[in-house]
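K.L.:
Sequence and predicted structure, then a few things I'm wondering about:
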Amino acid sequence: MVYLPDCHESLAGIIAGRLRERFQKPAFVLTDGEENVKGSGRSIESYHMFDALVEVKELLLKFGGHPMAAGLSLLKENVDELRRALNEKAELSEEDFVKKVWIDVPMPLEYISEPLIEELDLLEPYGQGNEKPLFAQKDLSIRSVRVLGKNRNVVKFSLVTKGTPMDGLLFEDGDLFVEELGNRRQLDVVYYPAVNEYNGNKSLQIVIKNYRILS
């Protein structure tokens, strides 16, 4: 639980989501509202966030949500007690903090084609209950890597297995990724395929959702 009194309450959920992704732990972010403290939470599969708030409802003014996300409000003097109570009642183990990655099927990059992507597009619109299909490929070789974007939050790769090289995009802090990568040049990835159109030219690429750097 993080208390950021000067943060605008509309950003609390976004920050909680980033904390959850970064640390693979349920996260609450509290901010000062007009009258009381307001908060937003994002959870992991093993932690039912709404049920957790039910257990401490005597400390809250209002709350609502579902297993993976929740909103709440409380008196400022109850912030520390809420943090203590939630941590004390959380029955989580180290195994719960191991990130779980789900895929639909392993698929080599050589199987990607425009007709396949067009067929996948027929499944749209994607959203809760109809997630975008995710594929996996092990042991990709990185031919080149560079950081793009004004905020340096796009990593562009040239990747290859046994076939034709293909571009890959990863949307996260590029400089941190390059530092983590170091001199290593092999990746396992979870991805979805896409078509890149630029100046009338089309090329196949993958958008990387999760990765593992190989030693």
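P.N.:
Arrived safely, thanks for sending.
K.L.:
How is this protein divided into domains?
P.N.:
2-97, 105-213 (automatic domain parsing).
K.L.:
Including mean pLDDT, could those domains go into TSV?
P.N.:
Compiled in TSV, the domains of the chain are given as follows (pLDDT from 0 to 100):
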stretch	mean pLDDT
domain 2-97	94
domain 105-213	91
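K.L.:
Now render those as TSV, adding mean neighbour count.
P.N.:
Any C-beta I mention is one placed from the backbone N, CA and C, and that applies to glycine too. Below are the domains of the chain laid out as TSV (neighbours: other C-beta atoms under 10 Å):
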stretch	mean neighbour count
domain 2-97	16
domain 105-213	14
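K.L.:
D175 against R152, yeah?
P.N.:
Yes: here D175 reaches R152: they are 5.8 Å apart, a contact under C-beta atoms under 8 Å.
K.L.:
OK, contacts around the residue nearest to E114 when sequence neighbours are not counted?
P.N.:
Distances taken as C-beta to C-beta, 6 or more residues apart in numbering put V195 closest to E114, at 6.2 Å, once the chain neighbours are dropped. When contacts are counted by C-beta atoms under 8 Å, 6 or more residues apart in numbering, V195 touches E114, I117, K202, S203, L204, Q205.
K.L.:
Pairing partners for E197 in the sheet, please.
P.N.:
K202 (DSSP bridges).
K.L.:
now do S158
P.N.:
Beta-bridge partners, per DSSP bridges, of S158: S144, D167.
K.L.:
what about it, distance to P133?
P.N.:
According to C-beta to C-beta, to the nearest Å, S158 stands 24 Å off from P133.
K.L.:
Same check on M1?
P.N.:
Distance, M1 to P133, by C-beta to C-beta: 35 Å.
K.L.:
ok, now V2?
P.N.:
Per C-beta to C-beta, V2 is found 34 Å from P133.
K.L.:
Got the phi and psi for K209?
P.N.:
Main-chain dihedrals, K209, degrees, to the nearest 10: phi -100, psi -30.
K.L.:
re earlier: extract the C-alpha set from the helix or strand containing the residue nearest to E114 and format it as CSV.
P.N.:
Counting by DSSP states H and E, the element that carries V195 is strand 186-198. Extracted C-alpha coordinates of strand 186-198, given in CSV (Å, rounded to 0.1, in the frame of the first residue of the first chain):
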residue,chain,number,x,y,z
GLN,A,186,18.8,-14.9,-26.7
LEU,A,187,15.2,-14.5,-25.7
ASP,A,188,12.1,-16.5,-25.0
VAL,A,189,9.0,-14.4,-25.8
VAL,A,190,5.2,-14.4,-25.5
TYR,A,191,3.8,-12.3,-28.4
TYR,A,192,1.1,-11.6,-30.8
PRO,A,193,1.7,-11.1,-34.6
ALA,A,194,1.0,-7.8,-36.4
VAL,A,195,1.4,-6.1,-39.7
ASN,A,196,3.5,-2.9,-39.8
GLU,A,197,2.5,-0.4,-42.5
TYR,A,198,4.8,2.4,-43.3
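K.L.:
Alright, calling it a day.
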